[in-house]
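**Q** Sequence isn't available, so here's the structure alone:
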């Protein structure tokens, strides 16, 4: 399993706007249907004075599965990377920066039931 994180620095007051871009519409459904997708989480940190932070984590069966998502038309549409969706970039207000990291899961501890 691999985990990919996207850490997004956001101007104060724009955190909920950025979160809505990941949770509203059919974006969640599009990624849910991708082969090898195991789930994603959003974390929101408002404790910093100069910026807010949203961390998106996605879990994948393999590195190849995640890369196939990034190459897909659905990913490109969701990120405003097609001629029909470029207008979406205007909706990305408040984003200061973004940083992507990839991790191999080397150990997982599940609860004992």
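**A** That came through fine. This one's a predicted model, so the numbers in the text were calculated from it and none came from an experiment.
**Q** Show me what counts as buried in whichever strand or helix holds residue 17.
**A** Secondary structure from DSSP states H and E places residue 17 in helix 15-23. Using 16 or more other CB atoms under 10 Å as the test for burial, helix 15-23 gives 15, 18-19, 21-22. All C-beta atoms are positioned from the backbone trio N, CA, C, and that covers glycine.
**Q** now swap in stretch 5-13 and tell me
**A** Judged by neighbour count using 16+ other CB under 10 Å, the buried positions of stretch 5-13 are 6-10.
**Q** so where do the helices sit in this protein?
**A** Using DSSP state H, the helices of the chain run over 15-23, 27-32, 63-71, 73-78.
**Q** List the contacts of stretch 9-22.
**A** By CB atoms under 8 Å, 6 or more residues apart in numbering, the residues outside stretch 9-22 that reach it are 8, 27-28, 42, 44, 46, 49-54, 56, 91-98.
**Q** ok, residue 50 - contacts?
**A** residue 12.
**Q** can you pull the pLDDT of it?
**A** As predicted, residue 50 sits at a pLDDT of 90.
**Q** where's stretch 49-61 relative to the chain centroid, distance-wise?
**A** Computed by CA atoms, centre = their mean, to the nearest Å, the chain-centroid distance of stretch 49-61 equals 7 Å.
**Q** For the closest residue to residue 98 other than its chain neighbours, give the beta-bridge partners.
**A** Using CB to CB, 6 or more residues apart in numbering and skipping residues adjacent in sequence, the residue nearest residue 98 is residue 8, 4.9 Å away. Residue 8 has the following beta-bridge partners by DSSP bridges: residue 54, residue 98.
**Q** any idea how far residue 8 is from residue 108?
**A** For residue 8, the distance to residue 108 equals 25 Å [CB to CB, to the nearest Å].
**Q** thinking again about what came up before, pLDDT added to the buried residues of stretch 5-13, as CSV?
**A** Formatted as CSV, those follow (pLDDT from 0 to 100):
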residue, pLDDT
6, 95
7, 97
8, 94
9, 95
10, 94
